[in-house]
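**Student:** generate a structure from the sequence data that follows.
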Amino acid sequence: MTRLHLHLLSDSTGETLEMIAKAALSQFDDTDVVRHFWPMVRSQAHLDRIIGDIAANPGLVVYTMVSQDIRRALEDRCRTLGLPAVPALDAVIDSLEAALGQEAKGRPGRQHTLDAAYFARVEAIQFTIAHDDGVAWEDWEEADIVLAGVSRTSKTPTSIYLANRGFKVANIPIVVESPPPGLLYDLKRPLVVGLTTAPERLIQVRRNRLLTLNQSPDTAYVDNDRVGAELQFARRMFADNGWPVIDVTRRSIEETAAAIINLIKERTDHHSGAR
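**Tutor:** The predicted structure follows:
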């Protein structure tokens, strides 16, 4: 299988570029694509730092840039390195200009209006990153959602996805030998959601993780009995506290997040009805 390094450069948050790349890659099977994501590229100095990584990991460069100077610099450097540089939105913008009879307003990140919702989302992302994997548990009451589950039940990627939707999310690994802080059981504002999965699926995910890190896959971390006991312990904790549980075995990150957002809506509707 051929490995491809895909470099994604954006002068804004890069959400649009990530979605384009994800949609395009879904058309290919059995791919080994290493994505390098570079958002908020708005200066020559920043671009110079990125070029070093591109040179060390040559591949396909896809970008959304408004600044003509930075675009030209990127294209020149890619040409020197013998690498293709693809402007992801140019063809669409050109067609719109022709159809609308006017020029596009070239301003970096123009599609992301800096309104209250934008800043709330940025704040949610910052909060979520700072409260990953049980860190800063003293602030959990400020969260909208707290995700709990044993290791490798997609807590972090689900948290980041929800943060991009404006939710402040914290997550905590459930470890048999190390109970979570007592604060977890007294939270009033956040919705606490338990994530679980099938033992065989969890073992597969953990084994792949160990292999990726060049570690031995023959440890207690992937032992059948140990994994089963972990999941049982977590499910018992969820049930004892009346927390909703989502089985992520056959769910994508997007599907898991959608289910959690529905739980939030149900909770909000319930509280509104009670008033």
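**Student:** how many neighbours does residue 137 have?
**Tutor:** Using other CB atoms under 10 Å, residue 137 is surrounded by 16 other residues. Heads up, the C-betas are built off the backbone N, CA and C, glycines and all.
**Student:** so where's the protein uncertain?
**Tutor:** 1-2, 105-116, 118, 272-275 (pLDDT under 70).
**Student:** could you redo the last one with a cut-off of 50?
**Tutor:** Scanning the chain for pLDDT under 50 picks out the ranges 112-113.
**Student:** quick check: domain ranges of it?
**Tutor:** Under the assignment automatic domain parsing, the domains of the chain span 3-100, 116-274.
**Student:** gap between the two ends of the first one?
**Tutor:** Its start and end residues considered, domain 3-100 measures 41 Å (CA to CA, to the nearest Å).
**Student:** now it, how far from the chain's geometric center?
**Tutor:** 19 Å (CA atoms, centre = their mean, to the nearest Å).
**Student:** now swap in stretch 159-175 and tell me
**Tutor:** Worked out by CA atoms, centre = their mean, stretch 159-175 lies 10 Å from the chain centre.
**Student:** can I get the CA coordinates of that stretch in CSV?
**Tutor:** This file holds the C-alpha atoms of stretch 159-175, laid out as CSV (Å, rounded to 0.1, in the frame of the first residue of the first chain):
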residue,chain,number,x,y,z
SER,A,159,-15.2,15.5,22.5
ILE,A,160,-13.4,17.5,19.8
TYR,A,161,-16.3,17.0,17.3
LEU,A,162,-18.8,18.2,19.9
ALA,A,163,-16.5,21.2,20.7
ASN,A,164,-16.6,22.2,17.0
ARG,A,165,-20.4,22.3,17.4
GLY,A,166,-20.0,24.8,20.3
PHE,A,167,-20.2,22.4,23.3
LYS,A,168,-17.7,22.5,26.2
VAL,A,169,-16.7,18.9,26.7
ALA,A,170,-14.6,17.2,29.4
ASN,A,171,-13.8,13.5,29.3
ILE,A,172,-12.6,11.0,31.9
PRO,A,173,-11.1,7.5,31.5
ILE,A,174,-12.7,4.9,33.7
VAL,A,175,-9.9,2.8,35.3
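**Student:** list the buried ones in it?
**Tutor:** Residues of stretch 159-175 classed as buried by neighbour count (16 or more other CB atoms under 10 Å): 159-164, 167-174.
**Student:** ditto for stretch 42-56
**Tutor:** Buried, per 16+ other CB under 10 Å, within stretch 42-56: 42, 47, 50-51, 54.
**Student:** can you tell me how far residue 239 is from residue 52?
**Tutor:** 52 Å (CB to CB, to the nearest Å).
**Student:** brain fart, residue 194
**Tutor:** Here residue 194 is placed at a distance of 43 Å from residue 52 (CB to CB).
**Student:** do the same with residue 214
**Tutor:** Taken as CB to CB, the span from residue 214 to residue 52 is 25 Å.
**Student:** report how many residues lie close to residue 90.
**Tutor:** 13.
**Student:** contacting residues around the residue lying closest to residue 89 once chain neighbours are set aside?
**Tutor:** What sits nearest to residue 89 in space, not counting adjacent residues and going by CB to CB, 6 or more residues apart in numbering, is residue 64, at 5.4 Å. Residues near residue 64 by CB atoms under 8 Å, 6 or more residues apart in numbering: 9-12, 14, 16-17, 87-89.
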